[in-house]
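Visitor: sharing a model that was predicted from the sequence below.
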Amino acid sequence: MKRLAMAMLLVALAGAAQGNEEDEMMGFIVDDAISHVGHDFYYAFTERLRATSRMDFNLVVRERPDPRWGSLITVEYQQRVIYRRFLPPNTVALQDTAAEAADLVKAQIIQRKLETLLQDTTDLEKDEL
């Protein structure tokens, strides 16, 4: 068992050593939620997103709780906020809200990727824009 795990680790490291500098790990959704409502939203959101997309991107789900208004939920893609919504403290339809958020986030990511592909970079490289 240990030999198999060690062989798989060596194969993975050899493949990583052959990749270029721009290779990075994809498919992470970081949970930066604080309250119970935030964690429930995160779990429902990730469940829907993993079921409906290839996960070739990374996201951060952040929550800033407020005792009066509920929790401000934001989803970040490439360090930019692409989804923002207040969730009341007694959220009843959290599953539907999270599924709707996952669909919107997926559409925003697809749109940003298309914009990047169609961007005119004849004079400048992408990192210079």
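Guide: Yes, it's here.
Visitor: against Gln79, how distant is the most centrally placed residue in the chain?
Guide: Centroid check for the chain by C-alpha atoms, centre = their mean gives Leu59 as the closest residue, at 2.0 Å. Here Leu59 is placed at a distance of 11 Å from Gln79 (C-beta to C-beta, to the nearest Å). Where C-beta positions appear, they are placed from N, C-alpha and C, glycine not excepted.
Visitor: picking that back up, for the residue nearest to the centre of the chain, which non-adjacent residue is spatially closest?
Guide: If you skip the residues right next to it in sequence, Leu59 has Ile29 as its closest partner in space, 4.7 Å away by C-beta to C-beta, 6 or more residues apart in numbering.
Visitor: go ahead and confirm the one you found touches Arg62.
Guide: No: checked against C-beta atoms under 8 Å, the pair Ile29 and Arg62 is beyond contact range at 11.5 Å.
Visitor: returning to what we had before: the residue nearest to the centre of the chain contacts Val105, correct?
Guide: Yes: taking contacts as C-beta under 8 Å, Leu59 lies within contact range of Val105: 7.1 Å.
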